[in-house]
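Peer 1: Provide a 3D model corresponding to the input given below.
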Amino acid sequence: MELNRMKKPALLLGASACVALAACQLTSTSSTANAPTIGSGAEWHSVNGDSDETGFSRLDQITAANAGTLGLAWYMDLPGEASLEASPIEVDGTLYFTGAYATIYAVDGVSGKLLWKFEPKIWSTIRSR
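Peer 2: Residues are numbered from 1 along each chain as shown. Got it, this is the predicted structure:
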């Protein structure tokens with residue numbers, strides 16, 4: 001008898017959760033006008049473009065028809081950098097990324113010109129053991 005009393009609230013809670021989830025699914029699929037936009041536009045304010053990090057761009061300048069004509073627009077040397085592991089972000093035409101020892105770079109996205117570089121010199125605060 002005690003076991004049956006425990007099962008009823010659990011079943012009721014489980015059934016309520018299923019109904020609530022089904023209702024959420026119905027409202028999310030029935031109205032695409034209110035659906036959130038996937039991907040990022042021209043501005044990539046966060047890693048991989050949007051807050052969901054989809055890496056998807058809604059821009060349509062690059063298509064299957066013109067992808068073969070793309071080439072290197074510019075490159076830059078970064079003396080002292082062995083590799084860059086950070087994903088850049090882009091805001092108002094400026095690319096921001098980090099390098100070794102938390103160095104921050106700002107680069108013009110069109111020309112590739114270094115706009116500024118900040119070296120916090122964190123290595124100077126690291127104590128040897």
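Peer 1: how long is stretch 78-88 from one end to the other?
Peer 2: 15 Å (Cα to Cα, to the nearest Å).
Peer 1: I meant stretch 116-123, not that one.
Peer 2: 20 Å.
Peer 1: can you pull the buried residues of it?
Peer 2: Buried residues in stretch 116-123, defined by neighbour count with 16 or more other Cβ atoms under 10 Å: none. Bear in mind the C-beta positions are built from the backbone N, C-alpha and C, glycine included.
Peer 1: and it, average pLDDT?
Peer 2: Stretch 116-123 shows a mean pLDDT of 89.
Peer 1: before we move on, what about stretch 85-93?
Peer 2: Stretch 85-93 shows an average pLDDT of 85 in the prediction.
Peer 1: Name the residues that touch it?
Peer 2: Outside of stretch 85-93, the residues within contact range by Cβ atoms under 8 Å, 6 or more residues apart in numbering are 43-48, 95-99, 108-110.
Peer 1: Please enumerate the strands of the chain.
Peer 2: 89-91, 94-98, 104-108, 114-118 (DSSP state E).
Peer 1: Fine, thanks again, bye for now.
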